[in-house]
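1. show me the folded form of this:
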Amino acid sequence: MGRTGPGQVLGGAESVNEMESSRPRADGTITAPGPPRPLAAALAMAVALCLATSVVHVLLVFLYVAPPNQMSQYYSRQIDAWIYPLFEQNWRLFAPDPESVTRQISVRTTRTSPDGTAQIGEWFDLTAVDASDVEHNIFPSHTTQNMLRRAWTSYLELQGTDDNPHSARALMLQKYLRNIAVERAAAHQSGTFEAVQLRVITRPIAAPTTPGAPHPTTPAAVDTRYLPWWKVTPNGN
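-> Residues are numbered from 1 along each chain as shown. Next comes the predicted model:
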């Protein structure tokens, strides 16, 4: 037999390693070779990253819904940056936040006709569409129930009666609300439009009456608010 060269020795070593990795166990089963070390390391890193992200998410959501405390106040900026606008919660630990009013949010569009005049469309009730999607639906989606409503309440809490954004977050919420209206209006009507306007009608929810007590004769005040026209942009900014 001839002498074994370096390549043959290396190949033989590889063969021995493969045989060792697939050696029969005591119970008669044969173990298959495991995944390559780089792949196993990448998989372990991905699992660790997912677990760490999940832990951070649960912790930040807990601090958001928990009563105000020293930690949540100290890290309020980081918590808000993580929660808004995708993970916002409408509940609190030990402090329910029931709705005291109902809001009807509608949108209309405008575009310029070939002769240069502005054509303003009819009002389209966005709240009614959401309500019809939720009604008789055993498992209504979180988006259908909360996206439009929470977008408006967040806008209202931050801006009040002033529709001019005075902070980066206020501008973000304005764009978020506008993009929701644009998406809903585009799905409802055909053709293009250049701007959208929102109308919000707020009606107080009457308190339950005591049996035998007189019913209030004065109707609850209804507030109607018209937001400014917002231009439609191709990229949503």
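2. now do the helices in the protein.
-> 6-21, 37-65, 70-74, 76-83, 126-134, 142-159, 168-188 (DSSP state H).
3. what is the burial count for P114?
-> P114 has 5 neighbouring residues, counting by other CB atoms under 10 Å. C-betas here are computed from N, CA, C, even on glycine.
4. per-domain residue ranges of the chain.
-> With domains defined by automatic domain parsing, the chain comprises 35-92, 101-207+220-231.
5. least reliable of those domains by average pLDDT, please.
-> The minimum mean pLDDT among the domains of the chain belongs to domain 35-92 (a mean of 85).
6. for P214, find the nearest of the domains of the chain.
-> Closest approach to P214 among the domains of the chain is made by domain 101-207+220-231 (13.3 Å; CB to CB).
7. now do the end-to-end distance for the closest one.
-> Domain 101-207+220-231 has its terminal residues 29 Å apart, counting by CA to CA, to the nearest Å.
8. for it, what is the distance to the chain centroid?
-> Distance, stretch centre to chain centre, for domain 101-207+220-231: 17 Å (CA atoms, centre = their mean, to the nearest Å).
9. stretch 61-68 too?
-> The answer for stretch 61-68 is 18 Å, by CA atoms, centre = their mean.
10. OK, contacts around the residue lying closest to E99 once chain neighbours are set aside?
-> Once flanking residues are discounted, E99 sits nearest to I205: 6.8 Å by CB to CB, 6 or more residues apart in numbering. By CB atoms under 8 Å, 6 or more residues apart in numbering, the contact set of I205 is E99, S100, V101, T102.
11. for those, work out which two are farthest apart.
-> Greatest spatial distance in these: S100 and T102, 9.2 Å, computed using CB to CB.
12. count the neighbours of Q145 for me.
-> Q145 has 16 neighbours, counted by other CB under 10 Å.
13. can you point out the buried residues in stretch 64-80?
-> Y64, V65, S72, I79 (16 or more other CB atoms under 10 Å).
14. walk me through which strands the longest strand along the chain pairs with, and which way each runs.
-> In the chain, taking DSSP state E as the definition, the longest strand is strand 101-112. The pairing partners recorded for strand 101-112 under DSSP bridges are strand 118-120 (antiparallel), strand 124-125 (antiparallel), strand 195-204 (antiparallel).
15. ranking the domains of the chain by burial, who's on top?
-> domain 101-207+220-231 (a mean of 14; mean count of other CB atoms under 10 Å).
16. hmm, back to that, right, so of the helices of the chain, which gets closest to V232?
-> V232 lies closest to helix 168-188 among these, at 5.5 Å (CB to CB).
17. next, the residue nearest the centre of the chain: phi, psi?
-> The centroid of the chain falls nearest to L86 when counting by CA atoms, centre = their mean (2.5 Å). Note on L86: its backbone torsions stand at phi -80, psi -30 [degrees, to the nearest 10].
18. any idea how far it is from S54?
-> From L86 across to S54, the span is 15 Å (CB to CB, to the nearest Å).
19. can you check T110 too?
-> 45 Å.
20. quick one: contacts for F193?
-> The contact partners of F193, by CB under 8 Å, 6+ apart, come to T109, T110, R111, G121, A185, A186, V232.
21. that should have said S141, apologies.
-> Counting by CB under 8 Å, 6+ apart, S141 touches D133.
22. using PDB, write out every CA atom in stretch 126-144.
-> Listed next in PDB are the C-alpha coordinates belonging to stretch 126-144 (Å, rounded to 0.1, in the frame of the first residue of the first chain):
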ATOM      1  CA  LEU A 126     -66.100  55.600   9.600                       C
ATOM      2  CA  THR A 127     -67.500  54.700  13.000                       C
ATOM      3  CA  ALA A 128     -70.500  53.000  11.500                       C
ATOM      4  CA  VAL A 129     -68.300  50.800   9.400                       C
ATOM      5  CA  ASP A 130     -66.300  49.700  12.500                       C
ATOM      6  CA  ALA A 131     -69.500  49.100  14.400                       C
ATOM      7  CA  SER A 132     -71.000  46.900  11.600                       C
ATOM      8  CA  ASP A 133     -67.800  44.900  11.400                       C
ATOM      9  CA  VAL A 134     -67.900  44.200  15.200                       C
ATOM     10  CA  GLU A 135     -71.600  43.500  15.500                       C
ATOM     11  CA  HIS A 136     -72.500  39.800  15.400                       C
ATOM     12  CA  ASN A 137     -68.800  39.000  15.100                       C
ATOM     13  CA  ILE A 138     -67.700  36.500  17.700                       C
ATOM     14  CA  PHE A 139     -64.000  37.300  17.400                       C
ATOM     15  CA  PRO A 140     -63.800  41.000  16.200                       C
ATOM     16  CA  SER A 141     -60.300  42.100  15.400                       C
ATOM     17  CA  HIS A 142     -58.400  44.500  17.700                       C
ATOM     18  CA  THR A 143     -57.800  46.800  14.700                       C
ATOM     19  CA  THR A 144     -61.500  47.100  14.000                       C
END
